[in-house]
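Visitor: What follows is a protein structure lacking sequence information:
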């Protein structure tokens, strides 16, 4: 079997517009896993926000992985072992939170159960909870609460303000953090040089494999590095233009079994 690891973005790729894995795609993935393919669910979401999809695909049974925080962490679903980890610099938690309060945006991070923030009532915090289907815990002082490794701080606020806040943050923390907007109301702050492809390379190396053994599917700009890196980079039919341009293969969109079709063709079909 040529492709031994299959990395999948979630929103816009694995799941359809209703945030559901369609039956054909689910069946194809479970058959690939039964044949020994390591399925990696690769997302900017926190680990706790990916676990329900991992359970749906029975990755704890087949030995798949969760790549969360856009590459900040990879865990083995069968053993629970952390395979790759890039922690947020502890000395920057307080400065980022202080900056956030000054510019009237709400920072949040995550623990093993869900979101941790100083303002649980914020509509943008509630949106992150809705997206990931996880609870919110309010604390008085976020930096004091966070005495464990975290992998990102998400800044949330009015979309009208966020471009200016992002620009100021990039000036303030230049060379210290990776900062980008993932939604009009979200600014991601991550350790430098963390992205999906770099973490997938570490995972492959731990298995004695190279990029030739990797098939990666995605639709968004943050999927570009892994699609370029993979032996077979697949762009969804609904992917952004640069992703389609970088891919080796185009498949159907996420509402028409794009992942299922390409898994059937390149993994389940023994002729390929």
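Guide: Perfect, I can see it now. Because the structure is predicted, anything quoted here is derived from the model rather than measured. Residues are numbered from 1 along each chain as shown.
Visitor: tell me which element residue 137 falls in.
Guide: strand 136-138 (DSSP states H and E).
Visitor: same deal with residue 61?
Guide: helix 59-62.
Visitor: Flag the shaky bits of the stretch 1-150 of the chain, pLDDT-wise.
Guide: Along the stretch 1-150 of the chain, no part satisfies pLDDT under 70.
Visitor: just the strands in it please.
Guide: With DSSP state E, counting those that start in this stretch, the ranges of strands along the stretch 1-150 of the chain come out as 5-8, 38-42, 65-68, 73-76, 82-85, 106-110, 115-117, 136-138.
Visitor: buried stuff in the fifth one?
Guide: Within strand 82-85, the residues that qualify as buried by neighbour count (16 or more other C-beta atoms under 10 Å) are 83-84. Where C-beta positions appear, they are placed from N, C-alpha and C, glycine not excepted.
Visitor: Could you list the paired strands of that strand along with their orientation?
Guide: Strand 82-85 pairs in its sheet with strand 73-76 (antiparallel), by DSSP bridges.
Visitor: now the nearest residue to residue 210 once chain neighbours are set aside, what's its secondary structure?
Guide: Distances taken as C-beta to C-beta, 6 or more residues apart in numbering put residue 204 closest to residue 210, at 6.4 Å, once the chain neighbours are dropped. The three-state label given to residue 204 by DSSP: H, G, I helix; E, B strand; the rest coil is helix.
Visitor: Can you get me a residue count around residue 25?
Guide: Neighbours of residue 25 under the rule other C-beta atoms under 10 Å: 26.
Visitor: isn't it right up against residue 256?
Guide: No. Here residue 25 does not reach residue 256: they are 9.9 Å apart, not a contact under C-beta atoms under 8 Å.
Visitor: one step back: how close does the residue nearest to residue 210 get to residue 215?
Guide: Separation of residue 204 from residue 215 (C-beta to C-beta, to the nearest Å): 12 Å.
Visitor: which residues are common contacts for the two?
Guide: Counting by C-beta atoms under 8 Å, 6 or more residues apart in numbering, the residues touching both residue 204 and residue 215 are residue 5.
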